[in-house]
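**Q** Sequence first, then the predicted structure, then my questions.
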Amino acid sequence: MDFSDTPEEAAYRKAARDWLAAHAPKHNFPVKMHEPDFLPRAKLWQAEKAAAGYACITWPKEWGGQGGTAVQNVIFLQEEQPYDAPVQAFTVGLGMCLPTVMTLSDEETKQRFVGPGIRGEEVWCQLFSEPSGGSDVASVRTRAVRAEDDSGDWIINGQKVWTSGAHHADFGIIITRTDPDAPKHKGMTMFWVDMRDPGVEVRPIHQMSGGSHFNEVFLTEVRVKDSQRLGAVNEGWKASLVTLMNERLTVSGGGHANWGQFLQAAREVVGGDGASALQDRALREKLADWYVQAEGLKHTRNRTMTALSKGETPGPENSIGKLVLTTYVQELANQAVEMMDQYGIIADPALTPLRGVLQAAALSSPGSRLAGGTDEILRNIIAERVLGLPGEIRLDKSVAFKDLPTGR
Amino acid sequence: MDFKDTPEEAAYRAQVRDWLTANAPKHGFPLDTSKPDYMPRAKVWQAEKAAAGYACITWPKDWGGQGGTPVQNVIYAEEEGPYQTPSALFSIGLGMCLPTVMTVADEATKTRFVGPAMRGEEIWCQLFSEPSGGSDVAAVRTRAVRSDDGSGDWIINGQKVWTTGAQFSDYGIIITRTDPDVPKHKGMTMFWVDMRDPGVEVRPIHQMSGGSKFNEVFITDVRVKDSQRLGAVGDGWKVSLVTLMNERLSVSGVRPPGWPAFLDAARATPEAMQDRALREKLADWYVQAEGLRHTRNRTMTALSKGETPGPESSIGKIVLTDYLHDLSSEAVDMLDQYGIIDDPALSPANAAPQAMWVGNPGLRLAGGTDEILRNIIAERVLGLPGDIRVDKDVAFKDMPRGR
Amino acid sequence: MNFDFSDDQKFLKAEARKFLEANSPTTRVRTVLNDDATPHDAALWKAVGEQGWLGAAIPEAYGGLGLGHLELCVIAEELGRSLAPIPFASTVYFLAESVMLAGDEAQKADILPRIAAGEVIGALATSEGPGVVGPATVGATVSGGWLSGVKLPVTDGGIADLALVLAKENGQAGLYLVDLNGAGVSRETLTTLDPTRDAAKLTFKDAPAQRLGAAGEGFPLLEQVLDRAAVLLAFEQCGGADRALEMARDYALERYAFGRVIGSYQAIKHKLADMYIKNQVARSNAYYGAWALNTSAPELPVAASAARIAACEAYWYAAKENIETHGGIGFTWEMDCHLYYRRSRQLALVAGAPRVWKERLVSHLERRNAA
Ligand SMILES: Cc1cc2nc3c(=O)[nH]c(=O)nc-3n(C[C@H](O)[C@H](O)[C@H](O)COP(=O)(O)OP(=O)(O)OC[C@H]3O[C@@H](n4cnc5c(N)ncnc54)[C@H](O)[C@@H]3O)c2cc1C
Ligand SMILES: Cc1cc2nc3c(=O)[nH]c(=O)nc-3n(C[C@H](O)[C@H](O)[C@H](O)COP(=O)(O)OP(=O)(O)OC[C@H]3O[C@@H](n4cnc5c(N)ncnc54)[C@H](O)[C@@H]3O)c2cc1C
């Protein structure tokens, strides 16, 4: 058991740190997602990282990666984090879409997309969720039908929803229904689509937190070539599992509200008795609990990384990550707002401690609990895949999709 | 909205209070449950209450009650509470078994049993749970078969478990399987049995909290008359619902102990009462306890107006056991290392927090587990669908079973 | 970074599990539970001594195996899992660690080899009454080398040979070594929430006492000892919590209600998932504590606090929900569920309750993140 870097890790860290020190400061981060120059600035930074091999550290060299280890990846992220770089623009593409493309598509497609993806030239989005179901990915109703002209092309019609980043995406991976007569898991097919296609209409959704990072996407008579197919016809369910597995592996960098911010805010807030909120033992107890959660996550990740770096398969413990994180962040953010008493209601960054990040977190945390698998679905996954408990009794396994009951 | 007693209620309260002052103190309550004279002394008190009409206030006068209102019943309970009178011994009989008997039995049976039970002369237990299922009452395997001598009698064989008070009960109501070839809810029948029958063997179960309040009951060739049947043959499920409904009503009437015990223990650790983290928790528990008390008040108000109470009383047991679990473990922790000592002579508040701490896991299970009660709220109150059932249309004998 | 135990340590852990499954099945734990005259499992204690575990972290020069604390951590986890009813924590985490930290050469040479050889049972005596131990609660006094006062509860106080007693001398707190078999000591057994562990009230009347460490250093030393013990106890707690989860899982897969195994109901599935989550948060924090302990890192006080807080929470939740998952049978004396329930509280209190550790943790964070 050793926490310090090995000599190789230390060398890697130093190289990364030096490179960052030389290149990051001139970008003047942070840049917020709603600012108009967010995307161009994010792309510039991504291109610079890619040129230096830091864009996708664990990917094979032939695809523009470094062939590096998971630990090296974490080291780079640790070093990069203090600069607050706008990396979130690429997480869906590099974390989920391109790994799916790399697993499932032909050489030509990979050649076409991987490089521009890594360099940040092209942005991707994930078109899975639909009004009919997000947890239940296999309930998609968006249809893909072979064109009648023998071209082998497919015509896609339907609607996707909650698509993060669709408004600035160039391409998307989309899951469609190709055989409604087969049971739901057996009649789906995945494709990549060009988001600039005139048949693709993106309408931003106004989130409860105020911003509009996700969208409705309407697809009308969008023609795609058969070569845009990812995986075999009607094997879309398997393809989607590749994506979702990568989604879960994606290392969630910082960016969320954390105990350190709470501590700082508590120090600034003074109560009626003249003492800072940080002196309130009730809050201190909670702060201790959150710290323990955060540390638990950090060190769980360290365990996973260690297994990976030894070439072992990591244990299932990493599956707790998203649940623990979103649960405690929501609690922390709400306690922070409450700690400010009446004043907590003010959301203006200019007036609130820590420029309103805790208020913002209170509003965004319900979304975090949903995105990428809801609490309930993640608990099911732990119960079933880790603890070996039986799956839900399913009423939808052997019925033709078109005959399934639907709600709203 | 008014919290004060109405003039009638105030009069009733005064009358109850006078009666209690005159009659309760001489009994030297609280009685020590571990002493051999506990039961006879408890019975004496019960007889005295019955003679004065306070044993079963809401029951009809014909049956020895007062024909009183639920509000009067609560008033009596509030006034009696401080005397710490023994009532646990009779609560299953009067709260669940006799109401079932009164609902479904014939006149002769009622006449035979109601009086003695009310006067505390006879004690009853509830023989529902079996090793094969407690939540799933309809999983009973104890068989009742018509004897083949043409007498119409039934022969019962099987095993019950977790039967509270079986060791000192005179009678019990028992749910049995009479037809294993029909789906599980349709082949059950209820009887009353004589617990002194030589075929009834009671073996105490040692609880994790130390005592042995519940038992295994082995039933071997116990012959009962057809007149001991409660309800129609095959209607046992329906009859058991009468019992369970009464169980839920009586359990939620229990007055929550709790935060006063915490405050009591806290007196031994003045530092702890200055700890705002504990003060905050204490505030939360107080709110839970008050929430329960006033939920009961809402129910009582509805009853006293002759309305059907809303479903809100179904939260009672979950709220109570949840918060007691939390409270007792915090109370133990508050004492720090000393909290581990459970000797009433040494531990603050006579080790009440420690006793609560070992007893709570049972409280969460008895009378419906947390999970079952949440299902009930979701399904019966909120109208959500029931769990998918795989056991509705299958003959009982063909059901999958585990351990 | 290598955030895992070595292959040798994992091997030791596997061996320890086998050994304890053979030598400390819960049937043996029950002997201590049910028989007031048996305060601990003496045969197991002897066998554990023969395995060398008592001296695992004691240097070879003092008769130990000279392994590190990581080895002690894996052993602790298995002891916790098996509910071993022996004074291991009192002797090894409290007494041996204190002597190694603060003992002078003579004290080390006298005590450590005897611990390693299984000849001495230790105990830590700090509490005198309800509430958190602090300068204001210390009534025991030492004067001219003689200790007087009362301590309770003292875990393993009924069977220990050598106690480390918190007392004041000239108004300054210190930790004192007292021979419990010597003059001026009387013991009374206490009943506790965990009858599988011994506890006693110790009364000292002019008992000979020898200070450990410098004068007036009682509380700083105690804190250091508790930090080290907290990590080791956290491993015991992780072991117990994982076992409780396993029991619940196994039962949920076998028990039918309403025609389905209860493990197919989401109420049970999500409960077990929550147990797993808490157990993993506890385990990861314990690993970090292990690293800090083994390297004597300056992070130890923070890492130990986090390990202890997470472990107390995980074990409590797993133990109580294990009973709930078992239904009525979980509430019986014969079922093992309550042994874990009881032990969860014993371990949560023996080194000070979680709320004390939360306060300590935040005090450290406050200083670390000074404005
Ligand atoms: C900020 C944000 C960004 C997102 N970005 C994207 C994106 O880029 N691409 C994309 O495809 N999707 C995206 N999503 C959609 C997200 O994946 C879905 O919202 C999520 O999977 C839930 O699906 P739903 O909204 O249809 O809710 P539903 O699936 O209808 O769920 C409703 C409720 O039912 C519960 N539930 C469902 N099934 C079960 C079950 N079997 N057992 C117990 N409970 C159950 C859920 O937990 C939830 O509480 C995003 C969502 C958010 C909030
Ligand atoms: C102190 C005490 C006194 C008692 N006194 C009596 C008495 O006098 N007479 C009597 O007949 N019984 C009595 N009982 C039995 C009590 O009613 C049962 O223990 C209880 O109903 C649970 O049944 P079980 O023990 O068979 O557990 P099970 O029903 O096997 O339940 C095991 C676990 O599975 C869960 N579970 C079961 N079904 C579902 C579902 N559909 N969805 C989600 N979770 C589910 C339960 O919540 C529990 O956590 C007593 C129990 C106790 C602890």
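**A** Yep, it's here. Numbers count the residues shown, from 1 in each chain, chains lettered A, B, ... in the order given. Ligands and ions are numbered 1, 2, ... in the order given.

**Q** going forward, measure contacts and count neighbours with C-alpha atoms only.
**A** Will do.

**Q** how many other residues sit next to the residue lying closest to B:Arg13 once chain neighbours are set aside?
**A** Spatial nearest neighbour of B:Arg13, excluding adjacent residues (C-alpha to C-alpha, 6 or more residues apart in numbering or on different chains): B:Ile75 at 6.3 Å. Residues lying near B:Ile75 (other C-alpha atoms under 10 Å in any protein chain shown) number 20.

**Q** now swap in B:Pro36 and tell me
**A** B:Pro36, neighbours per other C-alpha under 10 Å, totals 9.

**Q** Could you confirm it falls within a helix?
**A** No - B:Pro36 is assigned coil when assessed by DSSP: H, G, I helix; E, B strand; the rest coil, not a helix.

**Q** Which helix or strand contains B:Ile388?
**A** Using DSSP states H and E, B:Ile388 sits in no helix or strand.

**Q** for it, what are its contacts?
**A** When contacts are counted by C-alpha atoms under 8 Å, 6 or more residues apart in numbering or on different chains, B:Ile388 touches A:Ile393.

**Q** What separation do you get for it and C:Glu254?
**A** Distance from B:Ile388 to C:Glu254, counting by C-alpha to C-alpha, to the nearest Å: 19 Å.

**Q** ok, now A:Asn73?
**A** On the measure of C-alpha to C-alpha, A:Asn73 and C:Glu254 end up 43 Å apart.

**Q** Of the two, give the one with the bigger neighbour count.
**A** Under the criterion of other C-alpha under 10 Å, the comparison of A:Asn73 against C:Glu254 puts A:Asn73 first, with 18 against 14.

**Q** Go ahead and confirm the more buried one touches A:Gly53.
**A** No - assessed by C-alpha atoms under 8 Å, A:Asn73 is found out of contact with A:Gly53, at 11.1 Å.

**Q** Confirm C:Ala248 sits in a strand?
**A** No - secondary structure of C:Ala248 (three-state DSSP): helix, not part of a strand.

**Q** Could you report the neighbour count for residue 269?
**A** All of this refers to chain A. 17.

**Q** not quite, I wanted chain B
**A** B:Thr269 has 19 neighbours, counted by other C-alpha under 10 Å.

**Q** same question, the one 10 residues further on
**A** Other residues within reach of B:Arg279, judged by other C-alpha under 10 Å, total 15.

**Q** so how far is ligand 2 from it?
**A** The gap separating B:Arg279 from ligand 2 is 31 Å, by C-alpha to the nearest ligand atom, to the nearest Å.

**Q** Kindly report the same for B:Val390.
**A** 11 Å.

**Q** And stretch B:209-221, how far out from the chain middle?
**A** Here stretch B:209-221 shows a centroid-to-chain-centroid distance of 16 Å under the convention C-alpha atoms, centre = their mean, to the nearest Å.

**Q** Identify each buried residue in it, please.
**A** B:Ser209, B:Ser212, B:Lys213, B:Phe214, B:Asn215, B:Glu216, B:Val217, B:Phe218, B:Ile219, B:Thr220, B:Asp221 (16 or more other C-alpha atoms under 10 Å in any protein chain shown).

**Q** And for stretch A:197-206?
**A** The neighbour-count check on stretch A:197-206 (16+ other C-alpha under 10 Å) flags A:Asp197, A:Gly199, A:Val200, A:Glu201, A:Val202, A:Arg203, A:Pro204, A:Ile205 as buried.

**Q** Then stretch A:108-115?
**A** A:Lys110, A:Phe113, A:Val114, A:Gly115.

**Q** Is it possible to get a markdown table of the residues you listed that adds secondary structure?
**A** Output for the buried residues of stretch A:108-115, formatted as a markdown table (three-state DSSP):
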| residue | secondary structure |
| --- | --- |
| A:Lys110 | helix |
| A:Phe113 | helix |
| A:Val114 | helix |
| A:Gly115 | helix |
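
**Q** Spit out the contact partners of A:Thr352.
**A** A:Gly344, A:Ile346.
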